[in-house]
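Q: could you look at this predicted model? Sequence included:
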Amino acid sequence: MSTHIATTALRGSLGGHGHAAEALRACAKLWRARTGVDVVWEQPPAGACLEVAELARRHDLLVVEHPQIGRIVRDGCLLPLNRPERTRDLVRLAGQSVGASFISYRLTGDQWALPIEATAHMQAWRADRLAGPVSTWDDLLSLARHGRVLLAMQPPHSLLVLLTLTANLGQPCGMMGEAELNDAGFGADVLDRLRALVARVDPACFAMDPAAVCERLSEEAAAEHCAPFIDGYVGFARAGLRPAPLAFAAIPVAGQQGPVGATLGGAGIAVSAHSPHAEAALAFAYWLASGDVQRGPYADAGGQPANAVAWNDAAVDAANGGFYRATRETLEHAVLRPRHDGWLAFQHAAAERINAGLGAREDAASIMFDLNRLFAASFG
């Protein structure tokens with residue numbers, strides 16, 4: 001092993017991805033031994049809601065999500081990663097993307113981050129309670145009637161569940177420049193579907209995010225058997241890490257085209273436009289996103305890769321309870337959220353409107369009218 005003395009220290013922000021800290025720090029240790037460049041990862045204080053622009057003023061590297069890209073472009077706080085000397089690497093990474101993970105960070109002709117974590121709405125289920133994952137909407141409602149289903153409904157996640165349903169039923173949400181989130185009549189019908197499901201789950205779901213749902217579902221004595229539309233976390237699939245490991249699978253199908261339309265999640269590695277060590281940060285970002293690192297030290301340390309080299313590796317899949325093989329189809333057909341500047345504010349306001357409307361048993365058409373109004377205003 002190299003005995004380099006660190007000559008450069010990079011500061012990295014984990015953003016809201018503290019679950020990736022162990023993998024990122026393990027890779028940083030290897031990078032230091034290899035190059036002499038130290039990468040120190042920091043987690044924002046609990047409860048802090050910091051803009052990427054603010055974090056970029058204090059960090060060289062940042063973990064970001066694709067719905068933040070519009071705001072990032074507006075603020076000019078990140079460095080475009082599509083350098084001419086990196087063209088070959090960029091083409092390779094684009095070809096190794098799982099689903100739309102790579103293109104999700106591309107906007108205005110530039111690549112603003114490289115994918116390092118791929119996830120989307122999946123189904124988490126208890127293999128010790130069910131013979132197999134739930135495959136249809138009707139079967140899901142039947143299971144919910146017996147109190148066996150959990151949903152993540154804490155804002156913004158209730159909106160994301162709605163987005164997955166609308167896309168699976170054939171009408172993905174409006175993208176950049178479109179006036180409506182969804183056709184009013186169609187959207188109201190989907191809201192009624194969601195209402196029928198929500199009426200059969202624990203009201204505590206309205207205060208739960210995906211991690212909280214997975215924690216509850218993995219309790220040994222959990223009454224629930226599945227969470228049908230939830231971000232997949234590979235750590236819950238590994239044996240020995242939770243009282244009861246979870247199995248993951250494709251989302252239940254409400255439409256006619258199979259398990260398509262799941263809302264894409266994940267994370268990418270980005271470089272601050274303010275970094276005094278931009279070249280060193282850029283080199284680390286490309287190394288971290290590469291197939292060999294994602295399949296090797298990143299996955300070995302508990303990370304959830306975005307690179308298909310890792311997803312295709314049988315040993316990586318076996319070490320993680322078959323997570324990658326079971327969810328690959330869903331990832332390949334997952335759908336991007338809009339990425340314009342106003343999206344982040346919209347998704348929180350829209351989720352709050354959905355929850356208030358469902359809680360008050362409001363007419364679905366009224367809720368959908370307000371969602372479309374809020375969506376149109378988000379482009380202002």
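A: Thanks, I have it. Numbering: from 1, shown residues only.
Q: got a list of what Gly240 touches?
A: With Cβ atoms under 8 Å, 6 or more residues apart in numbering as the criterion, no residue contacts Gly240. The C-beta positions use only the backbone N, C-alpha and C, and glycine is treated the same way.
Q: tell me, what's the model's pLDDT at His157?
A: Looking at His157, its pLDDT reads 98.
Q: now swap in Leu150 and tell me
A: Looking at Leu150, its pLDDT is 98.
Q: before we move on, what about Leu163?
A: Looking at Leu163, its pLDDT is 97.
Q: so it makes contact with Cys173?
A: Yes: under the criterion of Cβ atoms under 8 Å, Leu163 makes contact with Cys173 at 5.1 Å.
Q: what about the two, which has more around it?
A: Between Leu163 and Cys173, counted using other Cβ atoms under 10 Å, the more crowded position is Leu163 (27 against 24).
Q: next, the nearest residue to Phe323 once chain neighbours are set aside: phi, psi?
A: Computed as Cβ to Cβ, 6 or more residues apart in numbering, the closest residue to Phe323 that is not its neighbour in sequence is Ala237, at 4.3 Å. Dihedral pair for Ala237: phi -90, psi -10, per degrees, to the nearest 10.
Q: measure Ala237 to Arg83 for me?
A: For Ala237, the distance to Arg83 equals 36 Å [Cβ to Cβ, to the nearest Å].
Q: next: Asn168.
A: Counting by Cβ to Cβ, the gap from Asn168 to Arg83 is 38 Å.
Q: same check, this time on Trp287
A: With the distance defined as Cβ to Cβ, Trp287 ends up 15 Å from Arg83.
Q: so for those two, which sits in the more crowded spot?
A: Just comparing Trp287 and Arg83: by other Cβ under 10 Å the higher neighbour count belongs to Trp287, 18 against 14.
Q: I figured that one hits Val293, correct?
A: Yes: counting by Cβ under 8 Å, Val293 is a contact partner of Trp287 at 5.9 Å.
Q: quick one, longest helix in the chain?
A: Assignment by DSSP state H gives helix 343-359 as the longest helix of the chain.
Q: buried residues, that one. List them.
A: By neighbour count on 16 or more other Cβ atoms under 10 Å, the buried set for helix 343-359 is Trp343, Leu344, Phe346, Gln347, Ala349, Ala350, Ala351, Arg353, Ile354, Asn355, Gly357, Leu358.
Q: check which helices and strands that helix sits against.
A: helix 157-168, helix 184-198, helix 364-377 (3 or more Cβ pairs under 8 Å, 6 or more residues apart in numbering; DSSP states H and E).
Q: tell me the mean pLDDT over that helix?
A: Helix 343-359 shows a mean pLDDT of 97.
Q: contacts made by it with the rest, please.
A: For helix 343-359, contacts defined as Cβ under 8 Å, 6+ apart pick out 67-68, 70-71, 153, 155-160, 162, 181, 191, 194-195, 198, 206, 337, 362, 364, 366-367, 370-371, 374-375, 377-378.
Q: show me where the stretch 151-300 of the chain has strands.
A: Using DSSP state E, counting those that start in this stretch, the strands of the stretch 151-300 of the chain run over 226-231, 247-249, 267-271.
Q: helices or strands up against the second one?
A: Judged by 3+ Cβ pairs under 8 Å, 6+ apart, strand 247-249 is in contact with strand 121-125, helix 323-332.
Q: so what's Ala9 up against?
A: When contacts are counted by Cβ under 8 Å, 6+ apart, Ala9 touches Val37, Asp38, Val39, Val40.
Q: again but with Ala222, I slipped
A: By Cβ under 8 Å, 6+ apart, Ala222 lies in contact with Arg126, Arg216, Ala244.
Q: quick check: the first one touching Cys226?
A: Yes: between Arg126 and Cys226 a contact is recorded at 7.0 Å, counting by Cβ under 8 Å.
Q: when those two are compared, which one has more neighbours?
A: Cys226 (25 against 18).
Q: so which of the helices and strands packed on strand 247-249 gets nearest Tyr105?
A: Closest to Tyr105 of the helices and strands packed on strand 247-249, according to Cβ to Cβ: helix 323-332, at 15.6 Å.
Q: and that closest one, what's buried?
A: Neighbour counts over helix 323-332 (16+ other Cβ under 10 Å) mark Phe323, Tyr324, Ala326, Thr327, Arg328, Glu329, Thr330, Leu331, Glu332 as buried.
Q: try stretch 168-187
A: Under the neighbour-count criterion of 16+ other Cβ under 10 Å, stretch 168-187 has Asn168, Leu169, Gln171, Pro172, Cys173, Gly174, Glu180, Leu181, Asn182, Gly187 buried.
Q: lowest-confidence entry in those residues?
A: Note: of these, the lowest pLDDT belongs to Gly174, at 75.
Q: so what's it up against?
A: Shown in contact with Gly174 (Cβ under 8 Å, 6+ apart): Glu180, Leu181, Asn182, Pro338, Phe375.
Q: nearest to His59, of the helices and strands packed on helix 343-359?
A: Using Cβ to Cβ, these put helix 157-168 closest to His59, at 26.6 Å.
Q: what's that closest one packed up against?
A: With contacts taken as 3+ Cβ pairs under 8 Å, 6+ apart, helix 157-168 sits against strand 121-125, helix 184-198, strand 226-231, helix 343-359.
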